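J.: generate coordinates for the sequence data below:
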Amino acid sequence: MTLISQIVEQARLAARALAEFGGGLFNPTVRLGITGLSRAGKTVFITALVHGLMRGGRFPVFEPLASGRIAAVRLAPQPHDAVPRFDYENHARTLVDERRWPESTRQISELRLLIDYQSQNGALRTLTLDIVDYPGEWLLDLPLLGKSYEQWSAECIAQGRHGARSGLAGSWLAHLVTIDPLAPADEGVAIEAARLFTAYLQACRDERYAMSLLPPGRFLMPGDLAGSPALTFAPLELPEGAEPPHGSLSVMMRRRYDSYREVVVQPFFREHFARLDRQIVLVDTLAALNAGPDAVRDLQGALVSILDCFRIGRGGMFSALFRPRASKILFAATKADHLHHSAHDRLEAILAQMVAGAIAQAGFEGAEVDVIALAAVRATREGHVRGEGGTLPSIIGFPAPDETAGGETFDGRSEVAVFPGDLPADAGALFEPGSHAFRGLTAGCGHDTDFRFVRFRPPQLEQISEGLPALPHIRLDRAMQFLFGDRLQ
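T.: As a prediction, the model looks like this:
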């Protein structure tokens, strides 16, 4: 992008930012970003939030609704012609009628809600809530804006040689040593390197390993960029101090990396991320615990990168207009219904420990940050089962088809009671070097892990009125109160 085109683009964005600010003085608007890492439950969260608002769900902690100040909530036409609409209606029917979890987020989408409410001084007003749904993998791309190709390559190679990743990166790393980065550019070499690197990232995301820090995100979700030069690059091991000659493989890879940042990452940052007012990051903490200590450490590294995203653009020309403006960030440990309520505080404490460590590493400040354990749709109920040591607090539900526990494989039609195990009372013990909090070995090595959480189908709901019934939840109302309850005052 030339200097003149950059100035023109900055002027256009500045005009839009000022127009949005002026409009917000008279017609309050909240742009709420909802993201999370793979299978964290973004689609379910949005569906449950919208459904609960529109049909008056049981949200005692969400003060504007609990106090009766919300008069009506309705869907508005999609505000942006170039952004897909979040398919709320089909997702709700999938949850309730088919008792299936909706498909995961694969691209950005939006939904606009208009909330008519009475302010605390008695005035009648309307809040526009713009919900922006986007894959967490896109969020983890944003730190690439501050890294050169050489820095990114060195980080990827170092990660691939460490811990559980080393076994998954074997084919890619073995091929890497056969590549001469100073040799003439060769499309076939680039394609094969990108293929093996992508296969390594896909293996890391497998639930047996549950790695979280996996940029570039479009390598896992290519969409219409599949096969394009913007996705046909990979890290190279560059000789220290060497200056790659013009026309070399290294120069071509660097150019494509830079194109990825300019064509893919920067537009997402400018058009969507930098305009968010509030942000929730959904985290499948239980999946990391299932996979073992390497996955837990990797998840904390991902949280550091996420917090780094909110510092991008804080210096330079027009920084006040284009830096991320999110004033509240909520990290949510999802699937709390997979645990007995007596363990919810421990789940929240584990994520809080990760977030606190990430804040310290990222040197983050400037936004209010909170942590919560929740289930946007509660799939289980609670009970007790008798074991050798007495009565155990358990959860009861319908395990998803092909889920296994205690040597049994479930068909999705039978209700069972499951004791999910105990989380450590001391969350910090999970992160201490040489800790015994994980007694077993990581998954994927042919051994059991210390924690094993079964996935359940959506609940059976009783139809008590016209339309879709209300969805049960755990602390969804607390999340809503934190994220936009203050804007309904």
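J.: wait, residue 222 sits on residue 232?
T.: No - applying Cβ atoms under 8 Å as the test, residue 222 and residue 232 come out as separate, 10.6 Å apart. The C-beta positions use only the backbone N, C-alpha and C, and glycine is treated the same way.
J.: so which of the two has more stuff around it?
T.: residue 232 (20 against 15; other Cβ atoms under 10 Å).
J.: surely the more buried one is in contact with residue 188?
T.: No - using Cβ under 8 Å, residue 232 makes no contact with residue 188, being 10.6 Å away.
J.: next up, the contacts around residue 141.
T.: Neighbour list for residue 141: 215, 216, 217, 218, 264, 265, 268 [criterion: Cβ atoms under 8 Å, 6 or more residues apart in numbering].
J.: the fourth one contacts residue 260, doesn't it?
T.: Yes - between residue 218 and residue 260 a contact is recorded at 7.4 Å, counting by Cβ under 8 Å.
J.: what ranges does the stretch 201-350 of the chain have for its helices?
T.: Counting by DSSP state H, counting those that start in this stretch, residue ranges of the helices within the stretch 201-350 of the chain are 249-260, 266-271, 285-291, 293-309, 319-322, 344-362.
J.: those helices: lowest mean pLDDT?
T.: Mean pLDDT is lowest for helix 319-322 among the helices of the stretch 201-350 of the chain, at a mean of 44.
J.: picking up where we left off before, so which of the helices of the stretch 201-350 of the chain is nearest residue 44?
T.: Nearest to residue 44, of all these, is helix 285-291, at 14.6 Å by Cβ to Cβ.
J.: can I get the closest one in CSV, CA atoms only?
T.: Listed next in CSV are the C-alpha coordinates belonging to helix 285-291 (Å, rounded to 0.1, in the frame of the first residue of the first chain):
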residue,chain,number,x,y,z
THR,A,285,-10.3,-24.8,29.6
LEU,A,286,-11.5,-28.4,30.1
ALA,A,287,-10.2,-29.4,26.7
ALA,A,288,-6.7,-28.2,27.7
LEU,A,289,-7.0,-30.1,31.0
ASN,A,290,-8.0,-33.2,29.1
ALA,A,291,-5.0,-33.0,26.9
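J.: from the chain's centre, how far out does that helix sit?
T.: 14 Å (Cα atoms, centre = their mean, to the nearest Å).
J.: before we move on, what about stretch 118-125?
T.: 35 Å.
J.: for it, the averaged confidence score.
T.: In this model, stretch 118-125 carries a mean pLDDT of 90.
J.: just the endpoints, please. Distance across it?
T.: End-to-end distance of stretch 118-125 (Cα to Cα, to the nearest Å): 6 Å.
J.: when you give positions from now on, start the count at 80
T.: Noted, 80 is the first residue going forward, which turns the last one into stretch 197-204.
J.: hmm, who's touching that stretch?
T.: 107, 148, 150, 195, 196, 567, 568.
J.: swap in 7 Å and give it another go.
T.: 107, 148, 150, 196, 568 (Cβ atoms under 7 Å, 6 or more residues apart in numbering).
J.: and which of those is nearest residue 128?
T.: Set against residue 128, the nearest of the contacts of stretch 197-204 by Cβ to Cβ is residue 196 (16.0 Å).
J.: give me the buried positions along the helix or strand hosting residue 168.
T.: Secondary structure from DSSP states H and E places residue 168 in helix 167-175. By 16 or more other Cβ atoms under 10 Å, the buried positions in helix 167-175 come out as 167, 170, 171, 173, 174, 175.
J.: buried residues in stretch 154-168, which are they?
T.: Under 16+ other Cβ under 10 Å, the buried positions of stretch 154-168 are 162, 165, 166, 167.
J.: and that stretch, average pLDDT?
T.: On average, stretch 154-168 scores 92.
J.: for that stretch, the distance to its chain's centre please.
T.: Distance, centroid of stretch 154-168 to centroid of chain: 21 Å (Cα atoms, centre = their mean).
J.: cool, stretch 192-205 as well?
T.: In terms of Cα atoms, centre = their mean, the centre of stretch 192-205 is found 31 Å from the chain centre.
J.: where exactly do the strands run in the stretch 130-279 of the chain?
T.: 149-155, 188-197, 203-212 (DSSP state E, counting those that start in this stretch).
J.: for residue 319, find the nearest of the ones you listed.
T.: strand 203-212 (42.4 Å).
J.: many thanks, have a good one.
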